[in-house]
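# Sharing a model prediction with you, sequence too.
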Amino acid sequence: MSRQRLRTRVTTVVFRLTERLRLGAATAYLAAASLIGFEALVALLSLSSLWPASVPFVVGALALAYRFRERLRAWWGWWRR
């Protein structure tokens, strides 16, 4: 395999990986915004200067909560009995 062909393949793989990561990040932010509301997400992100390292974890947790919201609702209803 020539050098140029290897470079092209590596570039293609890196490009596809970054596109999937961008799509996943955008989906996580939209899921978090759908769960808590866009105004609350704006407030959360505006306070990120106080704790910037934790924003991805908070958004990820909110995205997971959005993903499993039906199970969370069933669990919450069972717990409140």
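Received, thanks. Residues are numbered from 1 along each chain as shown.
# Tell me which residues of the helix or strand containing V55 come out buried.
V55 belongs to helix 55-67 when elements are defined using DSSP states H and E. Using 16 or more other CB atoms under 10 Å as the burial criterion, the residues of helix 55-67 that qualify are V59, L62, A63, Y66. Quick note: C-beta positions are derived from backbone N, CA and C, even for glycine.
# so which strand or helix has V14?
Using DSSP H and E, the secondary-structure element containing V14 is helix 3-36.
# Tell me which residues of the helix or strand following that helix come out buried.
Counting by DSSP H and E, the element after helix 3-36 in chain order, helix or strand, is helix 38-46. Judged by neighbour count (16+ other CB under 10 Å), helix 38-46 contains these buried residues: L41, L44.
# Just the residues contacting helix 38-46, thanks.
Contact with helix 38-46 is made by Y29, A32, A33, I36, V55, V58, V59, as judged by CB atoms under 8 Å, 6 or more residues apart in numbering.
# Now tabulate those residues in JSON lines and tack on distance to T18.
JSON lines is the format used below for the contacts of helix 38-46 (distance: CB to CB, whole Å):
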{"residue": "Y29", "distance to T18": "17"}
{"residue": "A32", "distance to T18": "21"}
{"residue": "A33", "distance to T18": "22"}
{"residue": "I36", "distance to T18": "27"}
{"residue": "V55", "distance to T18": "20"}
{"residue": "V58", "distance to T18": "23"}
{"residue": "V59", "distance to T18": "19"}
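# quick one: contacts for the residue most central in space within the chain?
Among the residues of the chain, the smallest C-alpha distance to the mean C-alpha position (CA atoms, centre = their mean) belongs to A28, namely 2.6 Å. Contact partners of A28, counting by CB under 8 Å, 6+ apart, are V59, G60, A63.
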